[in-house]
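Trainee: Kindly return the folded structure for what I paste below:
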Amino acid sequence: MSTTPRALGYRWPAEWEPHAGTWLSWPRNRETWPGGYAPIPRCFAALVRAIAQFEPVNVLAGGDARAAAEKWVGSLPNVTLYDIATNDAWARDHGPTFLSGPGEPALVDWQYNAWGGKYPPFDRDNQVPAAIAQATGRQSFVSDLVMEGGSIEGNGQGVLLTTTTCLLNPNRNPGRTQAAIEQTLREYLAVDHFCWLSGGEIEGDDTDGHIDQLARFVSPDTLVAAREENERDVNFMPLQENYRQLNDLRDAQGRPFNVVPLPMPAPKYFSGQRMPACYANFYIVNGGVIVPQFDDPADHRALAVLREVLPGRDVVGLSAIDMIWGLGAWHCLTQQEPR
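Mentor: Okay, the predicted model is just below:
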């Protein structure tokens, strides 16, 4: 343990802390949006443009993705393309976790199995952290823990929020106990206090309950939490239970968190399948917030909530109605690199 990030003085900053840039993976896999891929390059390019107004954007676009990435975003200012091949677009989950600390820039290389082996192949995605480390010269701390970035949420001051349905799921790390998982996260992310939710996931989510679809830190002591207001909706009970548990949680000093409800859009369907549309999948950038919009009356309410809890930032609504057919939105596609 003497050579873990924690022992060497590294830490996992909160998303609202200053970024050096954002990492993305070009959406090359048409099967991720079956029957609905046509608008995805344009939709993804809109995300790249939105982020690039605030900070540098690095796009992984190797192999057959290169030409499309060049066409759509290659000439944009503040955008750099990397010749790194991927299987899919969800950089939050297959990308590294970037750290800040006293030494050279560093990252954590987790293991990745496409949400419990649901969507093979994922060999190239599992190599993304190592490829980024090699391309950028960053120090890499390799962990044997299978974990996706969307499954953990941090407040930058040692608190980690996650879900039992995902992080303890045997399709990731069979036989590994909660205590063992916590110890790995403690050493690689320099976190000290763990908060677990067990209320359940939203309908249509294929991640076994990623926290970035349920609740997000917006400051060290404040969380926004998705809440379904329609008691007849299938999401009402799990989100109500998660909200109750969040209000019962305490930080390392025994203090409660300030929990702010975030509305849910009305159900969205594609080809008869419910999509996991949720405003909690926003992404915080330098001076701004990119918020998924679903052509829904609740869109403006969600923007208003985030303006209130993230004052001083430009809150940008960006349509995700096409992207969400891939079962993820802006936070799922992005990975921040701290300054």
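Trainee: which residues of the stretch 1-150 of the chain fall in helices?
Mentor: Counting by DSSP state H, counting those that start in this stretch, residue ranges of the helices within the stretch 1-150 of the chain are 40-52, 66-73, 91-94, 114-117, 123-126, 128-136.
Trainee: low-scoring pLDDT stretches of this protein, where are they?
Mentor: Residue ranges of the chain with pLDDT under 70: 1-2.
Trainee: again, 90 this time
Mentor: For the chain, applying pLDDT under 90 flags the ranges 1-2, 102-105.
Trainee: so who does the closest residue to residue 339 other than its chain neighbours touch?
Mentor: Nearest residue to residue 339 in three dimensions, chain neighbours excluded: residue 18, at 4.1 Å (Cβ to Cβ, 6 or more residues apart in numbering). Every C-beta, even on glycine, is put in place using the N, C-alpha and C of the backbone. Listed by Cβ atoms under 8 Å, 6 or more residues apart in numbering, the contact set of residue 18 reads 286, 338, 339.
Trainee: which residues touch the last one?
Mentor: This points to residue 339. 17, 18, 19, 20, 100.
Trainee: That one and residue 195, how far apart?
Mentor: 26 Å (Cβ to Cβ, to the nearest Å).
Trainee: With residue 240 instead?
Mentor: Separation of residue 240 from residue 195 (Cβ to Cβ): 18 Å.
Trainee: Just want to know which of those two has more residues nearby.
Mentor: residue 195 (21 against 15; other Cβ atoms under 10 Å).
Trainee: Residue 30 contacts residue 38, doesn't it?
Mentor: No: using Cβ atoms under 8 Å, residue 30 makes no contact with residue 38, being 9.4 Å away.
Trainee: With just CA atoms, put stretch 226-237 into PDB.
Mentor: Taking Å, rounded to 0.1, in the frame of the first residue of the first chain, the C-alpha atoms of stretch 226-237 are listed here in PDB:
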ATOM      1  CA  ALA A 226     -33.900  12.600  -8.700                       C
ATOM      2  CA  ARG A 227     -37.500  12.400  -7.500                       C
ATOM      3  CA  GLU A 228     -40.600  11.100  -9.400                       C
ATOM      4  CA  GLU A 229     -43.700  13.100  -8.500                       C
ATOM      5  CA  ASN A 230     -46.200  10.700 -10.200                       C
ATOM      6  CA  GLU A 231     -47.100   8.100  -7.600                       C
ATOM      7  CA  ARG A 232     -48.300   5.700 -10.400                       C
ATOM      8  CA  ASP A 233     -44.900   5.800 -12.200                       C
ATOM      9  CA  VAL A 234     -42.700   2.800 -11.700                       C
ATOM     10  CA  ASN A 235     -39.800   5.100 -10.700                       C
ATOM     11  CA  PHE A 236     -41.800   6.600  -7.800                       C
ATOM     12  CA  MET A 237     -41.000   4.100  -5.100                       C
END
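Trainee: So what's the gap between it and the chain middle?
Mentor: 23 Å (Cα atoms, centre = their mean, to the nearest Å).
Trainee: How about that stretch, which residues are buried there?
Mentor: Across stretch 226-237, burial judged by 16 or more other Cβ atoms under 10 Å covers 226, 227, 228, 235.
Trainee: what does stretch 117-137 give?
Mentor: Buried residues in stretch 117-137 (16+ other Cβ under 10 Å): 119, 122, 124, 125, 126, 127, 128, 129, 131, 132, 133.
Trainee: Run through the helices of the stretch 201-339 of the chain in chain order.
Mentor: 236-248, 299-309, 330-333.
Trainee: Kindly reformat those helices as TSV containing distance to residue 186.
Mentor: Formatted as TSV, the helices of the stretch 201-339 of the chain follow (distance: least, Cβ to Cβ, whole Å):
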stretch	distance to residue 186
helix 236-248	22
helix 299-309	28
helix 330-333	24
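Trainee: I'd like to know which of the ones you listed lies nearest to residue 176.
Mentor: helix 236-248 (23.0 Å; Cβ to Cβ).
Trainee: residue contacts, the nearest residue to residue 103 once chain neighbours are set aside?
Mentor: The shortest distance from residue 103 to any non-neighbouring residue, by Cβ to Cβ, 6+ apart, is to residue 8 (6.4 Å). The contact partners of residue 8, by Cβ under 8 Å, 6+ apart, come to 101, 102, 103.
Trainee: picking up where we left off before, residue 251: which of the helices of the stretch 1-150 of the chain is closest?
Mentor: Short answer: helix 91-94, nearest of those by Cβ to Cβ, at 24.6 Å.
Trainee: Dump that closest one to PDB, keeping only the CA atoms.
Mentor: Extracted as PDB, the C-alpha positions of helix 91-94 are listed here (Å, rounded to 0.1, in the frame of the first residue of the first chain):
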ATOM      1  CA  ALA A  91     -16.100   7.500 -21.500                       C
ATOM      2  CA  ARG A  92     -17.300   8.000 -18.000                       C
ATOM      3  CA  ASP A  93     -17.400   4.300 -17.500                       C
ATOM      4  CA  HIS A  94     -14.500   3.000 -19.500                       C
END
